[in-house]
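Got a predicted structure here, sequence first:
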Amino acid sequence: MKVPTKYAIDPELAAVEQFPEIDSSDIVAVRAQIAQMMAQVPAPDTTGLTVTDRTIPGPQGASDVLVRIYVPDVAAAPVGILDVHGGGFILGDLDSSHADNIAIARGVGAVVVSVDYRLAPENPFPAGLDDCYAALAWFSDHAAEFGVDPQRIAIHGGSAGGGLCAALALLARDRRGPSIAFQYLGIPELDDRLDTGSMTTFGDTPTWNRPAAVRSWDAYLGKGRRGTHDISPYAAPARAGDLSGLPPAYISAKEFDPLRDEGIAYATALLAAGIPVELHLFPGTFHGSAAITDAAVSQREATERIAVLRKALGA
């Protein structure tokens with residue numbers, strides 16, 4: 001995969017050429033491709049953690065939900081994090097966020113619960129969100145089992161996972177459901193209208209671009225619905241008219257990411273609603289560039305994530 005020279009990508013991120021080309025237009029094929037790639041990656045070190053998979057009750061009328069639980073041998077505080085993986089609503093599973101969750105559980109000293117939510121297009125909105133809500137409710141109800149204070153659970157996600165976390169915060173507020181102490185929205189996918197400046201400009205950026213966003217929303221909402229007037233804010237949180245009463249937030253954005261401007265706009269809207277927000281735009285980056293872990297900007301982002309979560313949870 002080549003970076004178009006018109007984008008001033010951080011020179012250390014030139015290793016993007018090592019990324020395989022992924023064409024999400026064939027979902028079955030790309031899932032198989034990613035599974036093959038993941039199988040070739042050495043298993044990460046889980047020293048200092050107990051990692052278990054567990055099946056929990058799913059939403060009413062739906063199947064059970066698989067979660068993966070990371071419990072540090074020594075917790076920094078009685079705190080927890082619900083992780084929601086990315087993948088454009090159509091890709092990803094517990095393994096795709098496994099290494100990140102090990103780093104978070106170890107770095108924050110928190111119990112992490114990762115949810116294997118249903119994917120589109122087989123299971124369009126609201127299936128994935130309903131699974132995430134079921135996992136949040138279960139974690140809150142069983143917090144004592146893990147030595148966690150149910151008032152000190154944060155939600156964390158990147159890309160589509162960040163969008164699902166934003167929706168989860170709205171849903172929990174409106175249902176008067178489980179408490180959420182903090183929402184970490186990494187490069188969140190929030191707006192089906194696809195009309196921001198960055199979304200209309202970045203049609204050929206690496207790993208994520210406008211055509212990929214179109215396919216993602218068409219799968220999640222159903223073809224013909226993207227951009228119409230009746231889309232729920234629980235599907236596209238950028239459409240929410242009332243952001244009051246939500247948890248404090250951290251939002252990250254990448255300079256050459258189609259999702260950049262919707263993340264910035266959501267941060268501004270949260271601030272206007274009186275919600276404490278930290279916003280960080282990482283220069284010279286693109287969607288998914290944090291996977292190039294030896295770049296200084298990626299290391300800064302990884303360090304900041306741990307610091308932000310520790311501070312937000314009082315760990």
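All right, it came through fine.

how about stretch 60-70 as PDB, C-alpha atoms only?
The C-alpha trace of stretch 60-70 is given here as PDB (Å, rounded to 0.1, in the frame of the first residue of the first chain):
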ATOM      1  CA  GLN A  60     -33.500  -9.800  25.100                       C
ATOM      2  CA  GLY A  61     -34.400 -12.100  22.200                       C
ATOM      3  CA  ALA A  62     -30.800 -12.400  21.000                       C
ATOM      4  CA  SER A  63     -28.000 -14.900  21.400                       C
ATOM      5  CA  ASP A  64     -25.500 -14.800  24.200                       C
ATOM      6  CA  VAL A  65     -22.500 -12.500  23.900                       C
ATOM      7  CA  LEU A  66     -18.800 -13.600  24.200                       C
ATOM      8  CA  VAL A  67     -16.600 -11.300  26.200                       C
ATOM      9  CA  ARG A  68     -12.900 -11.500  27.000                       C
ATOM     10  CA  ILE A  69     -11.900 -10.400  30.500                       C
ATOM     11  CA  TYR A  70      -8.400  -9.100  31.500                       C
END
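
Return the set of buried residues in it.
Val65, Leu66, Val67, Arg68, Ile69, Tyr70 (16 or more other C-beta atoms under 10 Å). Using the backbone N, CA and C atoms, a C-beta is placed for each residue, glycine as well.

ok, now stretch 271-284?
Ile275, Val277, Leu279, His280, Phe282, Gly284.

Adding distance to Ser97 and pLDDT, write the buried residues of stretch 60-70 out as a markdown table.
As requested, the buried residues of stretch 60-70 are exported to a markdown table (distance: C-beta to C-beta, whole Å; pLDDT from 0 to 100):
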| residue | distance to Ser97 | pLDDT |
| --- | --- | --- |
| Val65 | 15 | 98 |
| Leu66 | 13 | 98 |
| Val67 | 12 | 98 |
| Arg68 | 9 | 98 |
| Ile69 | 13 | 98 |
| Tyr70 | 11 | 98 |
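
Could you dump those residues into a markdown table with secondary structure added?
Output for the buried residues of stretch 60-70, formatted as a markdown table (DSSP: H, G, I helix; E, B strand; the rest coil):
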| residue | secondary structure |
| --- | --- |
| Val65 | strand |
| Leu66 | strand |
| Val67 | strand |
| Arg68 | strand |
| Ile69 | strand |
| Tyr70 | strand |
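
And the furthest pair within the residues you listed?
Spatial extent of those (C-beta to C-beta) is set by the pair Val65 and Tyr70 at 16.5 Å.

ok so, going back, looking at the buried residues of stretch 60-70, which one is closest to Ala39?
Nearest member of the buried residues of stretch 60-70 to Ala39, counting by C-beta to C-beta, is Arg68, at 17.2 Å.

Ala240 contacts Ile231, correct?
No. With contact defined as C-beta atoms under 8 Å, Ala240 does not count as touching Ile231 (10.9 Å).

one step back: redo the buried residues of stretch 60-70 as TSV? Include distance to Glu255.
Below are the buried residues of stretch 60-70 laid out as TSV (distance: C-beta to C-beta, whole Å):
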residue	distance to Glu255
Val65	35
Leu66	35
Val67	34
Arg68	32
Ile69	35
Tyr70	31
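
Looking at strand pairing, list the partners for Gly157.
Val84, Leu185 (DSSP bridges).

give the contact list for it.
Residues in contact with Gly157 (C-beta atoms under 8 Å, 6 or more residues apart in numbering) are Asp83, Val84, His85, Gly86, Gly163, Leu164, Cys165, Tyr184, Leu185, Gly186, Pro188.

go on, Gly245?
Arg173.

One more: the one 5 residues further on?
Shown in contact with Tyr250 (C-beta under 8 Å, 6+ apart): Phe182, Gln183, Tyr184, Leu185, Val277, Glu278, Leu279, His280, Val308, Ala312.

in stretch 50-58, what counts as buried?
Applying 16+ other C-beta under 10 Å to stretch 50-58 flags Val51, Ile56, Gly58 as buried.

how would you label the first one: helix, strand or coil?
Meaning Val51. strand.

How about it: which residues does it bridge to?
According to DSSP bridges, the partner residues bridging Val51 are Tyr70.

Would you mind measuring from it to Thr201?
For Val51, the distance to Thr201 equals 41 Å [C-beta to C-beta, to the nearest Å].

repeat for Ala77
Note on Ala77: its distance to Thr201, by C-beta to C-beta, is 43 Å.

repeat for Leu91
With distances taken as C-beta to C-beta, Leu91 is found 24 Å from Thr201.

Pro11 and Ala295: what is the separation?
From Pro11 across to Ala295, the span is 9 Å (C-beta to C-beta).
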